[in-house]
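# Quick one: sequence plus predicted model below, questions after.
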Amino acid sequence: MSFPHKRADFPDDFIFGVATSSYQIEGHAKGGAGRTHWDDFAATPGNVVRGETGALACDHYTRYAEDLDLVQAGGFDAYRFSISWARVMPDGVNINPEGVDFYDRLTDAMLERGIHPCATLYHWELPSSLADKGGWRNRDIAHWFADFTQAIMSRIGDRMSSVAPINEPWCVAWLSHFLGEHAPGLRDIRAAAHAMHHVLLAHGSAIETMRALGMTNLGGVFNMEWADPVDNSPQATRAAARYDGIYNHWFLSGVFKGEYPQIVLEGLEPHLPDRWQDDFPTIQSPLDWVGVNYYTRKRIAPETDLTRPGWPALREVDGPLPKTQMGWEIYPEGLYQLLTRTTRDYTGDLPLFVTENGMACADQREPDGVNDPARIAYLETHLAQVKRAIQDGVPVQGYMVWSLLDNYEWALGYEKRFGLVHVDFDTLERTPKSSYHTLANALRS
Ligand code: GCO
């Protein structure tokens, strides 16, 4: 399949990478890691497809060298990985030397292959012992998280190309405490409001901790969805603006403006922790870059079901565009819109990175390999929007595909395949898909 992009079309120092996360690939049962709230969430029937967990996942804990060989052979410059809090601190307090050693080995293995290590400190596996103390609802999480940051970065921070504290604050807070779809699976507006604030306080605390260690190139990674009103009625426009506020503006506004958007405060202010305004100096710790994770848009309608009153009074409506295996509409323009808007309204000259983009397909291994033309087309059309944003002056400096490997897609278990590399979850055999080969060619040319 022909692919129109090549490395030379992008700025000279543009970074191409692949992303993964610890719990989704490592095999959490190995190496003395502690229990996490995802293990607990999955143990409750109905939360996760087939009750699957990350206990073995891709067994990256054992096979990391083979996986990094794939990153290198694919011609990628950077590997965005995450560090499991519960592997480093199984009980949330005491350090597990085996866990720290693993990330030390992993870091050196990247450097030996000429791959930039780009770390995320939290990609969702909270130690159960901290979840027991209220997890993201408890203000102390900012200190717990700073301690964890100190524990791991005092060991490997000297070799990181870049670090972001928290992957996708919206998922940590809203998806997990209001929508109930991720661990800890709460549907509670007060818990959600507390988490919405504490996630940013923890982010800022970790940035301060890493600055004190002398580290540089620190950023924040935010997932963003473009929100389209289902029609042009004022009600739908307002509902989409609320969705956009909760999903996109809350976090950027907190970090870059030191305030929360009024349209969200209308619903959340009564539920926020006391004296939340006092935390903005920490939340606003200056960043060196911002990462945007982008997959899809949502079409938003006002809630019309009178049996479901209450804020935010909106619902998602099925859209007409082609969809991925996740059922997500494919809408590349949304990436351009969000990159442009983020620069214009929040980040100015700060470098932006697309830190995740990709799609799930029901890929099958055939005798001649794994053909995934839909993923190639998805990457092609989204890269075109990145180029367009760069041409329009947006300082995008890198693009990372989610994901290197098929992996544990959270509540959806192992069924949704996002990898450039197919994983057979019985044998753990890795098979690069045609999308991997296509990108490798583009990056070599
Ligand atoms: C994400 C996550 C990944 C998901 C991916 C697909 O950051 O949202 O980083 O964990 O697997 O987004 O849903």
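Received it, and whenever you're ready, just let me know what you need.
# pLDDT at residue 1, what is it?
Looking at residue 1, its pLDDT is 60.
# Just confirm residue 239 is within a helix.
Yes - assigned with DSSP: H, G, I helix; E, B strand; the rest coil, residue 239 falls within a helix.
# So what's the residue count around it?
22 (other C-beta atoms under 10 Å). From N, CA and C alone the C-beta is placed, and that goes for glycine too.
# Let me see the contact set for the closest residue to residue 167 other than its chain neighbours.
Of all residues not flanking residue 167 in the chain, residue 123 sits nearest, at 4.4 Å (C-beta to C-beta, 6 or more residues apart in numbering). For residue 123, the contact set (C-beta atoms under 8 Å, 6 or more residues apart in numbering) comprises 21-24, 82, 167.
# What's the PyMOL line that selects buried ones from the residues you listed?
Of the contacts of residue 123, the buried ones go into a single PyMOL selection, burial set by 16 or more other C-beta atoms under 10 Å:
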select buried, resi 21+22+23+24+82+167
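# Nearest to residue 89 among the contacts of residue 123?
Nearest to residue 89 among these is residue 22, at 13.1 Å by C-beta to C-beta.
# Around the ligand, which positions in the stretch 1-150 of the chain sit nearby?
The stretch 1-150 of the chain comes close to the ligand at residues 21, 24, as judged by C-beta under 6 Å from any ligand atom.
# how near is the residue nearest to residue 167 to residue 7?
Using C-beta to C-beta, to the nearest Å, residue 123 is found at 28 Å from residue 7.
# Dihedrals phi and psi, the residue nearest to residue 167?
When read as degrees, to the nearest 10, the backbone of residue 123 gives phi -120, psi 50.
# now it: how far from residue 13?
26 Å.
# coming back round to it: so how far is residue 309 from the residue nearest to residue 167?
Taking C-beta to C-beta, one finds residue 123 at 35 Å from residue 309.
# Repeat that for residue 168.
Applying C-beta to C-beta, the value for residue 168 to residue 309 is 29 Å.
# Show me which of these two is the more surrounded one.
Set residue 168 next to residue 309 and count neighbours by other C-beta under 10 Å: residue 168 wins out with 25 against 8.
# Touching, residue 353 and residue 389? I think so.
No - in this structure, residue 353 is not within contact of residue 389 by C-beta atoms under 8 Å, at 11.9 Å.
# For the longest helix seen in the chain, buried residues please.
The longest helix of the chain (DSSP state H) is helix 189-212. For helix 189-212, burial by neighbour count (16+ other C-beta under 10 Å) applies to 189-210.
# Let me know the angle separating whichever helix or strand comes after that helix from helix 189-212.
Following helix 189-212 in sequence order, the next helix or strand is strand 219-229 (DSSP states H and E). On the basis of axes from the mean of the first three to the mean of the last three C-alpha atoms, to 10 degrees, strand 219-229 is oriented at 150 degrees to helix 189-212.
# Please shift the residue numbers so they start at 58 in all later answers.
In the new numbering, first residue 58, that becomes strand 276-286.
# That'll do, ta.
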